[in-house]
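Chemist: return a 3D structure for these sequence lines:
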Amino acid sequence: MKEIGLLIVSLLCFSLSYGKQIEVCGSCEVTSISQAIEQAEDGDEILIKSGTYKEHSILVNKSVKIQGEGLPLIDGEFKETIFRITADHVSLSGLEIINVGQSYTKDFAAILVSKSDDFIIENNVFRQVFFGILIEKSKNGVIQQNKVSSDAVSQSNSGNGIHLWHCSKMTIANNELTGLRDGIYFEFVKQSNVFGNKSFGNLRYGLHFMFSNENSYYDNIFKDNGAGVAIMFSKFIKMYDNRFEHNWGTASYGLLLKEIYDADIERNVFDQNTIGISVDGSTRINYTNNTFSRNGWAITIIGACYENVFSKNNFLNNALDLSYNSKINSNKFENNYWSEYAGYDLDRNGVGDVPYRPVKLFSYIVHKTPETIILLRSMFVDIINFSEKVSPVFTPDNLVDSNPLMHRIDDSN
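Modeler: Numbering: from 1, shown residues only. Predicted coordinates for the structure are as follows:
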């Protein structure tokens with residue numbers, strides 16, 4: 001009986017892999033994508049020839065491979081969603097999809113995937129989208145090597161590039177996202193990987209995710225976004241080898257961590273952001289081998305952050321290395337390189353003989369009264385910082401790097 005079951009599965013897989021091909025073009029027997037899907041059976045391939053196809057509300061309810069030849073243009077004419085995928089085992093690639101409908105009450109997308117398992121969306125170009133790729137209640141999907149762009153001017157009338165909701169085991173790889181509300185958005189997404197993406201020039205976040213556990217984010221570039229990257233209400237996160245660059249603004253940062261638990265932040269570069277990392281209510285996070293360069297603040301810690309470890313990081317020419325607003329500290333700083341460190345190393349073991357206090361009194365003052373930042377380079381600031389270092393009053397006694405490194409750590413980012 002078991003052998004018969006395996007035979008049936010093998011025959012089904014053979015059928016799905018070697019179906020017929022349906023060609024779509026202006027002079028073909030089939031002239032529209034919707035017509036081709038109606039005629040197709042599970043396992044068929046739909047080959048869309050070069051040309052322009054003005055279609056929307058295309059329902060993909062069969063396990064088919066949709067392939068473009070010569071980057072055919074699918075123009076939704078700003079009417080609703082263009083492709084809606086509800087079947088399992090669907091592949092869609094090689095298309096240019098433009099002019100998605102816009103709405104204040106509905107989430108129109110270039111491609112909407114709903115309750116699908118095992119699908120691939122790759123090598124497509126999306127322009128003038130509301131939402132680019134919107135995935136809901138799906139799993140085992142691959143979204144890779146797509147270019148998604150729009151011209152978002154306000155959050156209320158724009159959508160996200162790649163938006164996932166209630167999904168698992170997803171791969172988001174090597175996509176380019178710009179001119180959107182959020183480049184990538186996760187909500188209730190688990191056991192997924194995001195890597196090799198470039199998310200830049202977006203209205204709000206390059207990456208934004210909430211309530212999403214056991215995910216990894218690596219080798220991405222988040223640059224010139226309105227507020228940077230926000231990670232909220234999640235646990236068991238790994239972020240490594242990413243770059244957070246040029247995220248400037250009064251409420252901007254490279255990375256925001258809010259209510260994050262049990263995470264690893266490793267080998268990332270935070271360069272020229274208003275704040276490198278803003279941490280709020282996050283616990284048991286390991287910050288290792290990161291580089292903070294030329295930021296306004298390298299790190300700001302806002303209350304309820306416990307048992308975090310900052311080790312072997314480079315702090316290079318930041319206006320302020322660390323802002324800390326509590327007199328209680330259970331976080332550990334050890335073996336970091338601080339460009340502001342002025343100590344000495346008499347035994348020449350590469351570790352400073354004098355501990356370093358990364359929190360300056362002036363950073364405490366700026367936190368309470370932001371307008372005082374204009375005094376940053378004044379002699380007055382040097383005097384008050386020195387007095388706090390000699391006799392700490394406003395900062396925790398144990399907030400100190402007892403073994404500061406004398407030389408910056410070589411990072412490969």
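Chemist: run through the strands of the stretch 251-400 of the chain in chain order.
Modeler: In the stretch 251-400 of the chain, the strands defined using DSSP state E, counting those that start in this stretch lie at 255-266, 269-271, 275-280, 283-288, 291-293, 297-302, 309-311, 314-316, 320-324, 332-334, 337-338.
Chemist: and the third one, what does it pack onto?
Modeler: What that stands for is strand 275-280. Contacts defined by 3 or more Cβ pairs under 8 Å, 6 or more residues apart in numbering; DSSP states H and E place strand 275-280 against strand 255-266, strand 297-302. All C-beta atoms are positioned from the backbone trio N, CA, C, and that covers glycine.
Chemist: so which of these gets nearest residue 119?
Modeler: Set against residue 119 and scored by Cβ to Cβ, those come closest in strand 255-266, at 28.9 Å.
Chemist: what's the mean pLDDT across the closest one?
Modeler: Strand 255-266 carries an average pLDDT of 97.
Chemist: helix or strand: which one has residue 187?
Modeler: strand 182-190 (DSSP states H and E).
Chemist: quick one: the strands of the stretch 251-400 of the chain as a markdown table, columns for distance to residue 189 too.
Modeler: Shown next, in a markdown table, are the strands of the stretch 251-400 of the chain (distance: least, Cβ to Cβ, whole Å):
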| stretch | distance to residue 189 |
| --- | --- |
| strand 255-266 | 15 |
| strand 269-271 | 24 |
| strand 275-280 | 21 |
| strand 283-288 | 20 |
| strand 291-293 | 28 |
| strand 297-302 | 26 |
| strand 309-311 | 27 |
| strand 314-316 | 31 |
| strand 320-324 | 31 |
| strand 332-334 | 31 |
| strand 337-338 | 35 |
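Chemist: what's the closest of these to residue 359?
Modeler: strand 320-324 (4.9 Å).
Chemist: export the closest one to PDB, keeping only CA atoms.
Modeler: Extracted as PDB, the C-alpha positions of strand 320-324 are listed here (Å, rounded to 0.1, in the frame of the first residue of the first chain):
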ATOM      1  CA  LEU A 320      28.200  61.000  21.300                       C
ATOM      2  CA  ASP A 321      29.000  57.300  21.800                       C
ATOM      3  CA  LEU A 322      26.300  56.400  24.400                       C
ATOM      4  CA  SER A 323      23.200  57.900  25.900                       C
ATOM      5  CA  TYR A 324      21.800  56.200  29.000                       C
END
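Chemist: report all helices and strands that that strand contacts.
Modeler: strand 297-302, helix 361-368.
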